[in-house]
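Visitor: Need the 3D shape of this:
(2 chains)
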There are 2 protein chains.
Amino acid sequence: MLQGLDERTASIYAPIRPQLSLVEERLGSLRDTTPDYLEPLLDHVLDSGGKRIRSAITLLAADFYPHEPDNPVIMAAAVELLHLATLIHDDTVDDSDLRRGRPTVSSLWGKHVAVLFGDFLFATSATFVCDTNNVRVIRRFSETIMELATGEMAEYFNIFNLEQAQERYHDRIYRKTASLFRTAGETGSILGGAAEPQIQAMCDYGYNIGMAFQMVDDLLDVQGDSTKLGKPVGTDLLQGILTLPTIMLMERFPDDNPVKALFNDRTEDGHVRRALDMINNSGIVKDCYQIIREFCDKATQSLDIMPDCDARRSLLALPEYIRDRSR
Amino acid sequence: MLQGLDERTASIYAPIRPQLSLVEERLGSLRDTTPDYLEPLLDHVLDSGGKRIRSAITLLAADFYPHEPDNPVIMAAAVELLHLATLIHDDTVDDSDLRRGRPTVSSLWGKHVAVLFGDFLFATSATFVCDTNNVRVIRRFSETIMELATGEMAEYFNIFNLEQAQERYHDRIYRKTASLFRTAGETGSILGGAAEPQIQAMCDYGYNIGMAFQMVDDLLDVQGDSTKLGKPVGTDLLQGILTLPTIMLMERFPDDNPVKALFNDRTEDGHVRRALDMINNSGIVKDCYQIIREFCDKATQSLDIMPDCDARRSLLALPEYIRDRSR
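Guide: Got it, this is the predicted structure:
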């Protein structure tokens, strides 16, 4: 996948280009040790064209101080593999047929295989982390898997629930997305030989950029172009999931709005289209960007205590890059 | 669940009774730290009436030498929790409505929740293991999750495949069952302060008793009483899964037998009943017991190098106890 990077991504990834190749090698080496019948599944998942942003953050976070060189690569591979495993289970439970414009594992091989193959990748990623021999990092990794699962469950247990303030939304997207970004920053920094204040700074960086990342994703779902996105728009709302823009819509029009109508009726009936129109024609999109910008700014500020170097410059460029995904 | 133990089980568990209570406490304490909406799921899973045999092996394996007392309890809780997590995913992918005569998580809460709750328990069990601070044990635990998943997948990818020798069957049941028994013995022994030869002995013990355990299970499915078992008989065959007795049936009647007919037709048509009758009316059941006895004997022999103590006597009694499950 590293061949297909656009110029901007390539420039941000430049300081860690060799390590990113090693991450790909390590992921690819899975083919040598897994049973033959899993090879088509592995190929499908590893060649899915992701940008490896979580790996990149892990490696950049590790690139400040002298350290044992293998561990951040191992960790970056584990973080990416965990991400890929969660996508498989998420698509399975959500009945999604497409991901980045390609058929999902569950649509190609069935839910049975998708659940077990996801389990296998979860466990494999945990085994990778064991190679670091660092119990603190291993523990953080396990906790992340717990957070990812509770994040998805919190979403599910709250579908068609109108009582969701922004605070609960924040907790939910921390668990389902920002937790792994935080772990990327934190564990990269630990394995990169940083001292405690710098580890905390990279932890904060990961948290804030992860929150912004998910909010951009949620914004894309109400305003994105379905062709560019590789999946239809308005799906969250259709599934009864409230996100930042729809929560804002509820807050701004508490008495009567299409979200309320949709959640009460539970039939589409044009409610989704009307909600998306209201969001796009009011100031809500701009206000969402303001909140996203605040998280990006916090990410940037957490880099204040880090020494100036190529990795720092890349980490500084990343928030804007993530924000621009949706423009 | 510990209240409901029969006399024989209670006698085998006697040397580790206090530790088993601590395992229950640790499992129960999950209720304090998980989100409210998961409490009914936790209650359902923790009160499912299992005999905690994997926990017991972990604790007995740890009960030979002086050691830090908390670690084996932590490990025993993790092993049990991992077992419970795999049951949830297995029942989900197999569409099973009943387990030990009670409705499964997926039948009560749906597959969506079952997949994610299983993920949550997997991760929680791994977090437990981190509390031992022992990377060797943590790694073995992750590898076990990989083996469990590949064992289930190997079963699935071979359904209605007639080309399955006993050797492949052994590999498959090692992964799906004996792997965790092995881990119980091995990690219990490591955390119990044993030296390397004794650790290896407890590893062998777990492996062999785990193999016997699964073979008894498979035998129950062809000869058991569906009421006593809490699930219907002949299900493996009906799902296209070959086990020891059906593989023996194939070996003994290679040219024409109901298994072949079933796998070729893929419609029931009385084939399963005929296969079960042939198995029960030939010498196959006896021959299966002979193989099970051999694994039990190997388990017993591996205890030769262990010092005499209550734990050893309990471990010596366990193989016969497991064998008697099916009589």
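
Visitor: need the residues of the stretch 151-300 of chain A near chain B, please.
Guide: A:152-154, A:156-157 (C-beta under 8 Å from any C-beta of the partner chain). All C-beta spots, glycine's among them, are computed from the backbone N, C-alpha and C.

Visitor: now the residues you listed as TSV including pLDDT?
Guide: Output for those, formatted as TSV (pLDDT from 0 to 100):
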residue	pLDDT
A:E152	86
A:M153	88
A:A154	87
A:Y156	84
A:F157	84
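
Visitor: ok, of those, which one's closest to A:M248?
Guide: Among those, A:A154 lies closest to A:M248 (C-beta to C-beta), at 19.5 Å.

Visitor: Neighbour-wise, which one of the residues of the stretch 151-300 of chain A next to chain B leads?
Guide: Neighbours here mean other C-beta atoms under 10 Å in any protein chain shown. Within these, the largest count is held by A:M153, at 26 neighbours.

Visitor: what's that one in contact with, if anything?
Guide: Taking C-beta atoms under 8 Å, 6 or more residues apart in numbering or on different chains as the criterion, A:M153 is in contact with B:35, B:37-38, B:113, B:116-117, B:120.

Visitor: re the thing from before, in helices only, show me the residues of the stretch 151-300 of chain A next to chain B.
Guide: Secondary structure from DSSP state H places A:152-154, A:156-157 of these in helices.

Visitor: Between those, which sits nearest A:G234?
Guide: Comparing these against A:G234 with C-beta to C-beta places A:Y156 closest, at 18.5 Å.

Visitor: Could you check how far that closest one is from A:M215?
Guide: Here the criterion is C-beta to C-beta, to the nearest Å. By it, A:Y156 lies 20 Å from A:M215.

Visitor: what do you get for A:L148?
Guide: 17 Å.

Visitor: Can you give me the pLDDT of A:T33?
Guide: Looking at A:T33, its pLDDT reads 85.

Visitor: Report how many residues lie close to it.
Guide: 8.

Visitor: Now do the same contact list for it.
Guide: A:T33 sits in contact with no residue, where contact means C-beta under 8 Å, 6+ apart.

Visitor: Could I get the full set of strands for the stretch 1-150 of chain A?
Guide: Assigned strands in the stretch 1-150 of chain A, in chain order: A:98-99, A:102-103 (criterion: DSSP state E, counting those that start in this stretch).

Visitor: contacts for stretch A:304-322?
Guide: Among residues not part of stretch A:304-322, those counted as contacts by C-beta under 8 Å, 6+ apart are A:8-9, A:11-16, A:53, A:56-57, A:60-61, A:63-64, A:197-198, A:201-202, A:205, A:209, A:212-213, A:216, A:296-297, A:299-300, A:303.

Visitor: Write the PyMOL selection for whichever of those residues are buried.
Guide: When burial is assessed using 16 or more other C-beta atoms under 10 Å in any protein chain shown, the buried subset of those is captured in PyMOL by this command:
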select buried, chain A and resi 9+12+13+15+16+53+56+57+60+61+63+64+198+201+202+205+209+212+213+216+296+299+300+303
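
Visitor: Now intersect the contacts of stretch A:304-322 with the helices, please.
Guide: With helices taken from DSSP H, the overlap with the contacts of stretch A:304-322 comprises A:8-9, A:11-13, A:53, A:56-57, A:60-61, A:197-198, A:201-202, A:205, A:209, A:212-213, A:216, A:296-297, A:299-300.

Visitor: returning to that earlier point: which one of the residues of the stretch 151-300 of chain A next to chain B is nearest A:G185?
Guide: Closest approach between those and A:G185, by C-beta to C-beta: A:E152, at 21.6 Å.

Visitor: for the residue of chain A positioned farthest from its centre, helix, strand, or coil?
Guide: Using C-alpha atoms, centre = their mean, the residue of chain A lying farthest from its centre is A:D255. It sits 33.7 Å away. Using DSSP: H, G, I helix; E, B strand; the rest coil as the criterion, the local structure at A:D255 reads coil.
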